[in-house]
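In: make a model of this:
(chains A and B)
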Amino acid sequence: MSDINDFVVKFATVNGSGSASANTIFAKTLFRMGLAVSPKNIFPSNIQGLPTWYEVRVSELGYIARRDGIDLMVAMNPQTFKEDLAEIVPGGWLLYDSTLPRVWPREDVNVLGIPIAQLCAQKWSDPRQRQLFKNMVYVGALTAFFDMDVEVLQGAVGDQLKGKEKLVAANMEAVNLGRDFAKQNFACPLPIRVRPAQCSKGKIMVSGNEAAGLGAIYAGATVCAWYPITPSTSLAEAFEKYARRLRVNKAGKRLYGIVQAEDELAAIGVAIGGGWNGARAFTATSGPGISLMSEFLGLAYFAEVPVVLFNIQRGGPSTGMPTRTQQSDIISCAYASHGDTKQVLLFPANPSECFSMGAAAFDLAERLQTPVIVMSDLDIGMNEWVTEPLAWDDRHVHDRGKVLDAAALDGFKDVKGRDWGRYLDVDGDAIPYRTLPGTHPNKGAFFTRGTSHDENARYTEDGRIHARILDRIRRKFDTAASLVPKPELIIRDKNAKLGIVYFGANAPAVLEALDLLERDGIKINALRIKAFPFTAEIAAFCENHDSLFVVEQNRDAQMRSLLMTEIDVPGGKLIRTLNYDGMPMTAAFVRGAVLKELRPAKAAAE
Amino acid sequence: MSYIAKPSAHHPALPKNALGLTRRDYEGTMSTLCAGCGHDSITAALIEACFEMDLPAHRIAKVSGIGCSSKAPTYFLSRSHGFNSVHGRMPSITTGAAMANRDLVYIGVSGDGDTASIGLGQFCHAIRRRLNMTYIVMNNGCYGLTKGQFSATNDKTSPSKKGEANPFEAIDLCQLAIQLGAGFVARSFSGDKDQLIPLIKAAISYKGFAFLDVVSPCVTFNNHPASTKSFDYVRAHNMASENRLDYVEPKEEIIVDYAEGSSAAIALHDGSRLVLHKLDAGHDPRDADGAIMVIRHNDKQGRVATGLLYIDESQQDMHDVLASTEQPLNQVPMAQLCPGAGALAAINQRLR
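Out: Residues are numbered from 1 along each chain as shown, chains lettered A, B, ... in the order given. Predicted structure coming up:
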């Protein structure tokens, strides 16, 4: 086995042992050497003592989807030795702490025993240092095995330990300890190794939650309310981090407000209150939080209050798998709340889009006067992705929507000569004009309510008026379809009758699968959904293809249902392509699903 | 008479306040509550307070939850924006609204079901956040809209109209508010306009969380002889006389000198004052422990302690805690909020 710049290394450690920062340094070093890396943190819902894994795939071709089959396992956790050993591909490597030597029951695996604990015990006397530096010793050994650039690594260590410069030297001692041992005892580098590349040139490495929090800063969000829940917590924390850096005036006063609410109900309530009062307001949550927020989402939908909600999806139902990824809130978000509701959804596929769509969500919410839900997930939100730099155009004018100031209220007449009414469709786009509290001494006041109301926001129990208002709000969804991001089309064969429909974090797996399938002689087209409501392009793509693999991470084919329900795509042509084990989608899975359909014999043989 | 629209015309000689507005300008639509409902008296007191304080109605935001009480904001201040939100969640809506614009006056109207049951958590946390608002509970001890079920504030000794006993302890919202750190806590009675109006004025003037629990009998379901939230019961057991008070506008002089020891003037943030009389017969409202004792002592005797129960004149509000800029956040120009492409280039650089 020999693969330069193409392998998967996995770290099996115990959480709370300090491995996370060592693993990040490892991945960052490869990234800075120009490689496409895709670190995936597979962590328990726990703080200390349970198994945790960190996978890093390196790909010369720039693929960043997760890949099964571990080429080198760093097995630091005796609790999981058995399963970790089983995951290594035949001919692969196993690095372990051989202070207590053991016999590994596999002949086809190359064992790299390094007495890590012993090396640390000889070097340091402080028990905490002995423990923490173990991680840097295995990273050091890997630099020798993979032929990594140690200078680049030192830079990454320095960045990780910013403000604690004294620790850099000690960490590098640990690195050299492992590196020297590896060089003295094994043939270095291994056949799987790295060399500098250009794959990640110009790119950045960032998590989706950090990018989304920053997107909210760029959108001009000033009100943030949130309740801690994995995996969304780091989004609100990122907003706060950047706000402290970018939004404090010279007098030390903050141009933002953040409230850690008592629960998710309050978090969305605060955001809706802020949106009602003319601030750009948002909250971030995950599965259980979506359930709790549903009543309020119905209020904002029906009373037409702008608000942005980031849903960092995780494994459901119920508490489910809080630290694993899924795309299983599609239906519950698309129709969040009781009664007839439809919510605008955006589906970012990477952290760069978490930033751009995160910012765009606020424009859409204010333009449409409705909640906009950004459907990220744990994989995008919490893992660091190699992605395009975050982009902002200073010419962008934030779309604050139809808000009347005092002068506009004074001069307001619609085409029929009517005065302003909160829920009047004046422009034919089903979007009414709103006013903010405190604007005008005697015009523009109205009562926002979740009860049925007429065009002047007056309470009504007249069913005809109720239906009329509901119809207008539904028409607003047509306007939404003209404003949301259009899908991304990949046409590999103009005449192909086969297509893949995908969205969100599945993008890297699908893109890689398209290449793999092409090597199998199958040219297939693909469409990436970026938003709900579905735009005309999505309907056309479905119309133009006979069979469509709908790739999603949930059991019930929720996006498929939405395509059937909302744009009448016949269910018979939509092939369920589902993975819902909580792990990020792989290209092999997508390819396998397509082969199973088209070449069942080949699929079975593999 | 709820189907009757209020005529907008009024007598030309109606008295006007400093803004040139009449009481009618502070009214809302016709009440749809039962005739004689205590809530309507509170509504009238709110109108009177805002009129006398010369408040520009459009600078007030009315916020409520769900229930009879939460409908009430429709019946006053038609020139103010209102938000009738979802059940028990008025505090969170108000928190967001107040974060967005610190310059408006926020009047939250809730009921005993809305606050003491479904919304108890939000009530507590709004207090902890020191939201600058006036939070009024129209407290009738029952669920009116769903036809008279007990609420969590109904006294254990107070049976239903049909004579059914209430098996559970009552939640005393004033004690809870004091314990959680509310800076202004008062209790009043919808039938005592003389006490209620100055309390509303003081609550509005107070910078921080001002809580006003107003016993407001439900004429339909909880005004029977055995009820402790009936007009007759509260009139007979109201300890208001222990602690009479006047609200004095910032511009007014205190013209009457009170004998030392029998009165105290409490300064509010906007320069107005609340003058308490017969202080020696009541208690010092700056003493939180004393306030809780007064409530509990009276309750034990079957009496309702009303008046200003507790005040902390120095409390900071939410914006002080959050260190927000003086300018309302919803008016900060985008140019100051969006850091621009240059700053983003530097951030991208750090992420390489």
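
In: around the one residue in the stretch 101-250 of chain B that gets nearest to chain A, how many other residues sit close by?
Out: Proximity of the stretch 101-250 of chain B to chain A (C-beta to the nearest C-beta) peaks at B:H125, 4.1 Å away. In this view, the C-beta of every residue, glycine as well, is placed from N, C-alpha and C. As a burial measure, B:H125 scores 20 neighbours (other C-beta atoms under 10 Å in any protein chain shown).

In: hmm, it is touching A:E262, no?
Out: Yes. At 4.1 Å, B:H125 and A:E262 qualify as touching, with contact defined as C-beta atoms under 8 Å.

In: where does chain B have low pLDDT?
Out: Applying pLDDT under 70 to chain B flags residues B:1-4, B:241-244, B:251-263, B:277-282.

In: rerun at 50
Out: Scanning chain B for pLDDT under 50 picks out the ranges B:1-2, B:256-257, B:280.

In: what's the answer for chain A, then?
Out: The low-confidence ranges in chain A, as defined by pLDDT under 50, are A:1.

In: so for it, the centremost residue is which one?
Out: Nearest to the mean C-alpha position of chain A, counting by C-alpha atoms, centre = their mean, stands A:I380 at 2.5 Å.

In: where does that residue land in three-state SS?
Out: At A:I380, secondary structure determined by DSSP: H, G, I helix; E, B strand; the rest coil is helix.

In: and the spatially closest residue to it that is not a sequence neighbour, how far from B:S190?
Out: Nearest in space to A:I380, with sequence neighbours left out and distances taken as C-beta to C-beta, 6 or more residues apart in numbering or on different chains, is A:G208 at 3.8 Å. Computed as C-beta to C-beta, to the nearest Å, the A:G208 to B:S190 distance reads 53 Å.

In: the more surrounded of those two?
Out: Set A:G208 next to B:S190 and count neighbours by other C-beta under 10 Å: A:G208 wins out with 36 against 24.

In: thought that one was touching A:L378?
Out: No. Using C-beta under 8 Å, A:G208 is not in contact with A:L378, being 9.2 Å away.

In: can you give me the strands in chain B?
Out: B:60-64, B:81-84, B:105-111, B:133-139, B:142-143, B:149-150, B:184-189, B:209-215, B:245-248, B:263-267, B:273-277, B:307-311 (DSSP state E).

In: next, count neighbours for B:G36.
Out: When neighbours are counted by other C-beta under 10 Å, B:G36 comes out with 13.

In: can you tell me how far it sits from B:N223?
Out: Counting by C-beta to C-beta - B:G36 and B:N223 are separated by 8 Å.

In: repeat that for A:Q313.
Out: From A:Q313 to B:N223 the distance is 52 Å (C-beta to C-beta).

In: mind listing what the closest residue to B:M138 other than its chain neighbours touches?
Out: In this structure, B:M138 finds its nearest non-sequential neighbour in B:S69, 3.7 Å apart by C-beta to C-beta, 6+ apart. Contacts for B:S69 (C-beta atoms under 8 Å, 6 or more residues apart in numbering or on different chains) come out as B:H39, B:V109, B:S110, B:G111, B:D112, B:D114, B:V137, B:M138, B:S216.

In: compare those and tell me which has the most neighbours.
Out: That'd be B:G111 among the contacts of B:S69, by other C-beta under 10 Å, with 34 neighbours.

In: just list whatever residues bridge to that residue.
Out: For B:G111, the beta-bridge partners are B:M138 (DSSP bridges).

In: show me what contacts it?
Out: B:G65, B:G67, B:C68, B:S69, B:S70, B:V137, B:M138, B:N139, B:N140, B:S151.

In: name the SS class of the closest residue to chain B within the stretch 451-600 of chain A, please.
Out: Of all residues in the stretch 451-600 of chain A, A:T451 sits closest to chain B, at 6.9 Å by C-beta to the nearest C-beta. Here A:T451 takes the coil state, with states given by three-state DSSP.

In: that one: neighbour count?
Out: 14.

In: any idea how far B:G144 is from the residue of chain A positioned farthest from its centre?
Out: Relative to the C-alpha centroid of chain A, counting by C-alpha atoms, centre = their mean, A:G417 is the outermost residue, at 48.1 Å. Using C-beta to C-beta, A:G417 is found at 42 Å from B:G144.

In: the spatially closest residue to B:A203 that is not a sequence neighbour - how many residues pack around it?
Out: Of all residues not flanking B:A203 in the chain, B:A210 sits nearest, at 3.7 Å (C-beta to C-beta, 6+ apart). Using other C-beta under 10 Å, the number of residues around B:A210 comes to 29.

In: isn't B:A210 right next to B:I200, touching?
Out: No. Taking C-beta under 8 Å as the definition, B:A210 is not a contact partner of B:I200, at 9.3 Å.

In: okay, now whatever residue of the stretch 351-500 of chain A ends up closest to chain B: neighbour count?
Out: Distance from chain B to each residue of the stretch 351-500 of chain A (C-beta to the nearest C-beta) is smallest for A:P437, at 3.6 Å. Per other C-beta under 10 Å, the neighbour tally for A:P437 reads 28.

In: same thing with A:G315?
Out: A:G315, neighbours per other C-beta under 10 Å, totals 24.

In: the one 4 residues further on too?
Out: By other C-beta under 10 Å, the residues close to A:T319 number 11.

In: again, but for B:A13
Out: Neighbours around B:A13, by other C-beta under 10 Å: 7.

In: any idea how far it lies from A:E606?
Out: 94 Å.

In: again, but for A:D159
Out: 42 Å.

In: tell me which of these two has more neighbours.
Out: Between A:D159 and A:E606, counted using other C-beta under 10 Å, the more crowded position is A:D159 (15 against 11).

In: and that one, what element?
Out: For A:D159, the enclosing helix or strand under DSSP states H and E is helix A:150-160.

In: the helices in the stretch 151-300 of chain B, which residues?
Out: For the stretch 151-300 of chain B, the helices defined by DSSP state H, counting those that start in this stretch cover B:173-180, B:193-205, B:231-237, B:288-300.

In: can I assume A:T13 sits in a helix?
Out: No. Counting by three-state DSSP, one finds A:T13 to be strand, located in no helix.

In: excluding chain neighbours, give the residue nearest to it in space.
Out: Using C-beta to C-beta, 6+ apart, the closest residue to A:T13 is A:S19 (3.8 Å).

In: how many neighbours does that neighbour have?
Out: By other C-beta under 10 Å, neighbour count at A:S19 equals 25.

In: quick revisit: let me see the contact set for the residue nearest to B:A203.
Out: So B:A210 contacts B:M133, B:T134, B:Y135, B:A182, B:G183, B:F184, B:A186, B:A202, B:A203, B:I204 (C-beta under 8 Å, 6+ apart).

In: how about 6 Å then?
Out: B:A210 is in contact with B:T134, B:F184, B:A203, counting by C-beta atoms under 6 Å, 6 or more residues apart in numbering or on different chains.

In: ditto for A:T479
Out: A:D429, A:A430.

In: what helix or strand is it on?
Out: helix A:463-483.

In: how about that helix, which residues are buried there?
Out: Neighbour counts over helix A:463-483 (16 or more other C-beta atoms under 10 Å in any protein chain shown) mark A:R468, A:I469, A:R472, A:I473, A:K476, A:F477, A:T479, A:A480, A:A481, A:L483 as buried.

In: reformat the residues you listed as TSV; add distance to A:A267.
Out: Below are the buried residues of helix A:463-483 laid out as TSV (distance: C-beta to C-beta, whole Å):
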residue	distance to A:A267
A:R468	33
A:I469	28
A:R472	29
A:I473	24
A:K476	25
A:F477	25
A:T479	28
A:A480	24
A:A481	29
A:L483	26
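
In: how close does the residue nearest in space to the middle of chain B get to B:A49?
Out: Computing the C-alpha centroid of chain B and ranking residues by C-alpha atoms, centre = their mean puts B:I136 first, at 2.5 Å. As judged by C-beta to C-beta, B:I136 and B:A49 stand 11 Å apart.
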